[in-house]
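Colleague: Sharing a model prediction with you, sequence too.
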Amino acid sequence: MSEDRTILLIGSGPIQIGQAAEFDYSGAQACRALQEEGARVVLVNSNPATIMTDPETADRVYIEPITPEAISEVIRIEQPDGVIAGLGGQTGLNVTAELAEQGILEDHDVEVMGTPLDTIYATEDRDLFRQRMENIGQPVPKSTTISLGEGESVTDFDEEAFRGRVRDAVDDVGGLPVISRTTYTL
């Protein structure tokens, strides 16, 4: 890596059950590795009580909300060459995808490093992930998605209508037992 590169690393924000503590350690290690390679490291994390937000971990540390607005302002100020989102867990991946969709990364010529955007989308969307696994011959459990139709709202459903949708979904996958999960989440 050339010594004149600036890399933006997006942290994971507040430590939540099932997310953040492991990303703090890996993010701190990534900062060190990038610096050893000669890169200037800019870190954004909303949680000041982390290892990665220690002022010595990165060349520039921003304690800011991990939102597209805050990150785009850091991008405008720092003009990074690349962004690493995968070490910020769900939070970093989601905000990087939003920045790309808003055209901010392209406008500032910021390369997504590590996890490509199409992979972020494929791992976030259960149907895309299943399709990718099937395309490479990996076995996946039978699955279906319960979606709202055009113009439908969750408030439109009474208990019986909801049960009917769930019953149909269980039938679609071959019956019980089933695992139910929300979409667009790792």
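Modeller: That came through, no problem.
Colleague: which residues does Ile75 contact?
Modeller: When contacts are counted by CB atoms under 8 Å, 6 or more residues apart in numbering, Ile75 touches Leu8, Val83, Leu99, Ile104, Leu105, His108, Val110. Yep, even glycine has a C-beta here, placed from its N, CA and C like the rest.
Colleague: Is it in a helix, a strand, or coil?
Modeller: Following DSSP: H, G, I helix; E, B strand; the rest coil, we place Ile75 in the helix state.
Colleague: just the one 5 residues further on next, same as before
Modeller: Under three-state DSSP, Pro80 falls in the coil class.
Colleague: Give the burial count for it, as a bare number.
Modeller: Pro80 has 24 neighbours, counted by other CB atoms under 10 Å.
Colleague: Identify the residues contacting the closest residue in space to it that isn't next to it in sequence.
Modeller: Of all residues not flanking Pro80 in the chain, Leu8 sits nearest, at 3.9 Å (CB to CB, 6 or more residues apart in numbering). Leu8 makes contact with Val42, Leu43, Val44, Ile71, Val74, Ile75, Glu78, Pro80, Gly82, Val83, Ile84, Val110 under the criterion CB under 8 Å, 6+ apart.
Colleague: What strands flank the strand or helix carrying Leu8, and is each parallel or antiparallel?
Modeller: Assigned by DSSP states H and E, Leu8 falls within strand 6-10. Sheet partners assigned to strand 6-10 using DSSP bridges are listed as strand 40-45 (parallel), strand 82-84 (parallel).
Colleague: Does anything pack onto whichever helix or strand comes after the shortest one? Which helices or strands?
Modeller: Next helix or strand after strand 82-84 toward the C-terminus (DSSP H and E): helix 89-101. Counting contacts by 3 or more CB pairs under 8 Å, 6 or more residues apart in numbering; DSSP states H and E, the secondary-structure elements packed against helix 89-101 are strand 6-10, helix 21-36, helix 68-78, helix 104-107, helix 117-124.
Colleague: Export those as a markdown table, with columns for distance to Val95 and mean pLDDT.
Modeller: Shown next, in a markdown table, are the helices and strands packed on helix 89-101 (distance: least, CB to CB, whole Å; pLDDT from 0 to 100):
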| stretch | distance to Val95 | mean pLDDT |
| --- | --- | --- |
| strand 6-10 | 6 | 95 |
| helix 21-36 | 13 | 85 |
| helix 68-78 | 6 | 97 |
| helix 104-107 | 10 | 97 |
| helix 117-124 | 11 | 82 |
